[in-house]
Structure formats: C-alpha cells, structure tokens
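Peer 1: I need the structure of the sequence given here:
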Amino acid sequence: MRILAFIILIIPQLMWAQLFPNLGGQRVGISTAQFLKIGVGARSVGMGESYVAVADDIESLYWNPAGIALFDKNAVFFSHTQWVVDVKMEYVGAVYHINQSNSIGAAITYLHTEDMVETTELQPFGTGRMFSFGDFLLGLTYARNMTDQFSFGLSVKFMHETIADLTMRAVLFDLGTYYKTGWKSTRFAVSVSNFGNDMAPTGTSLNTNLNNEQTEITEYQSFAPPTVFRIGIAGELMDRENHRVTGSIQLNHPNDNAENVNLGMEYWWKETLAFRSGYKTAQVEESFSLGVGLHFP
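Peer 2: Numbers count the residues shown, from 1 in each chain. This next block holds a predicted model:
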C-alpha cells in the first residue's frame, strides 16, 4: 500500500509539472449534450469523481457499468442535483442481480429548467414568446463477472434533447472493465462513456435579419457526444477493524477538453460514518471536493 500511496500523492504532482502546462483547455466546445458530463452520486462526487476503479455500488451505473456486478443486493438509487441558473437534474437507477455472475440495470436522467423568455439580437428584451429546454436519457446496462477477478459491463443509452422547436436524438454506449489485481486490495479499471455518432438538431427555426426579413433554417451543424476515456487504480491505504481508508487516482481523456487527473480518498469509521475528499487537476471551475456519508445497516 505504500506504493499506492506514493502513486496517489506524488505522481500527479510530477505529471502536473511536466504535462499540464502544455494542455490547458484544448478541444473545448466541440461536443454537445453537456448534461452527460454532470457527475451523479454523492459518494463519487465527494471523491472528486475519481471513481472508475472504486465503482462497487449502484453509482457505477453512471461511472463504470462493470461495477454493478460487484455487489450482492438489488438496489434502487435516487439523486437530485440543483445545478447552476435554476437548472435541475433528476436521476433514478436500479440494479437487479440475475445470479452471482450476471446483473442488469436501468437508469433515467432528466435535466430540466423553467420556461425561459425568448430573446434575439434584434429583440434583446424578449419576443413575447417563451421556450423550454430539457434532456432525457434512458440507459440499460448489463454486467458479468467473467472470473472472480475480472468484470465487464456495457450500457446502451437513448438520448432525447429538446430546445424550443428543435429536437436531437442519439444512441450512445458505455463500456467498462474492472480488474482485481490480487495484490492486496488494488483494483484497476477502464471505462469509455458516451461513445456514439455525431448528432445534430432537427426541426425548423427562424432567423430574422436587420431588414426584419425571416428565413427558415432546417439544417444544422453536427457535434460529437462528450466521449470520455477513464483509467484508474484504487485500493485500501488502511483497513482495520474500525477504520478504513480508500485512495484512488484516475486519468481522464475527454474528446472536448484537456487530459486531466482526479484524486479521491474515502475514510470509513465503523462502516457507519464516511468522510470523503477529492481533487481535480486542470479544472478551473471545480477542483477540491468534500463529502460526508452515513450508512444504516
């Protein structure tokens, strides 16, 4: 575990000095469906979203589909996120274990806002019309324990986005693997999330020029989904009767931003009270995170 602690605490600092000054913020703005990047789950978010190799509970529906095969009980999960500017996101997931090897799951994500006033360049105070925006995602997951050390999972996700009179649909995929190395408690995991074809809106919108002439627009530029490749390692830094500390490190390779590293740590006292912390490198808007959890047997 000393080696794992060294990896978690020292290696990211070396990577930061050598790698990230040359990366910051590339590829920004080339993907759509940004709601898919909002993290789900108090435990994972509290650990700085360094979770792909920790994922051993129902939150793995979002982070690593292989993880739903790693726990025993059937489970249901609800989450509400109060996002910025009155944007809200609801998430509900469920996992059913067919047997010791095979598990299935389903999840629904719904991001929504209140009706908004429509404004244009020529009518910045409003056109007199209102419009709404919303995202809906249905995911179906299958996972299998291939051996007592290796698990595999796949999610198929159906996305529907609406903004005013425009809609956008897509089919996306998540793929995950989870490997218990056999060296103490060290786990290694890899996942690819939101993989799919480019997508573009459908529908008709009106463009008004300076002469107050209107033109119908029916063709739109297509954008890629926010695909992200994650690779992580996790393990117990301390595991005693009443105290357990888990550390994790995760490298993220998104298609719409710079590569970055997430660090996470979780402390359990008597398997009842948990304290969590995390850190995201190369993230200006969000870096440190903290969380507290209670477990009722």
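Peer 1: show me where the stretch 1-150 of the chain has its strands.
Peer 2: In the stretch 1-150 of the chain, strands defined by DSSP state E, counting those that start in this stretch lie at 75-82, 88-97, 102-112, 116-117, 130-131, 133-145, 150-163, listed in chain order.
Peer 1: direction included, what does the last one pair against?
Peer 2: Next to strand 150-163 in the sheet, as set by DSSP bridges, lie strand 133-145 (antiparallel), strand 166-180 (antiparallel).
Peer 1: centre of the chain to the longest one, how far?
Peer 2: Put plainly, it is strand 166-180. The gap between the average C-alpha position of strand 166-180 and the chain average comes to 10 Å, counting by C-alpha atoms, centre = their mean, to the nearest Å.
Peer 1: beyond it, next helix or strand please.
Peer 2: Past strand 166-180, heading to the C-terminal end, the next element that is a helix or strand (DSSP states H and E) is strand 187-195.
Peer 1: list the helices and strands that next one packs on?
Peer 2: Under the contact definition 3 or more C-beta pairs under 8 Å, 6 or more residues apart in numbering; DSSP states H and E, strand 187-195 sits against strand 166-180, strand 228-239. Where you see a C-beta, it was placed from the backbone N, CA and C, and this is true even at glycine.
Peer 1: out of those, which is closest to G46?
Peer 2: Proximity of the helices and strands packed on strand 187-195 to G46 was assessed by C-beta to C-beta; the nearest stretch is strand 228-239, lying at 14.5 Å.
Peer 1: the closest one: which residues count as buried?
Peer 2: With burial defined by 16 or more other C-beta atoms under 10 Å, the residues of strand 228-239 counted as buried are 228-237.
Peer 1: tell me the spacing between Y279 and M146.
Peer 2: Counting by C-beta to C-beta, to the nearest Å, the gap between Y279 and M146 amounts to 33 Å.
Peer 1: and these two? Which one has more around it.
Peer 2: Counted by other C-beta atoms under 10 Å, Y279 and M146 do not tie: Y279 has more neighbours, with 18 against 14.
Peer 1: how many residues are close by the closest residue to that one other than its chain neighbours?
Peer 2: In space, not counting the residues next to it along the chain, Y279 is nearest to L263; the distance is 4.6 Å by C-beta to C-beta, 6 or more residues apart in numbering. When neighbours are counted by other C-beta under 10 Å, L263 registers 20.
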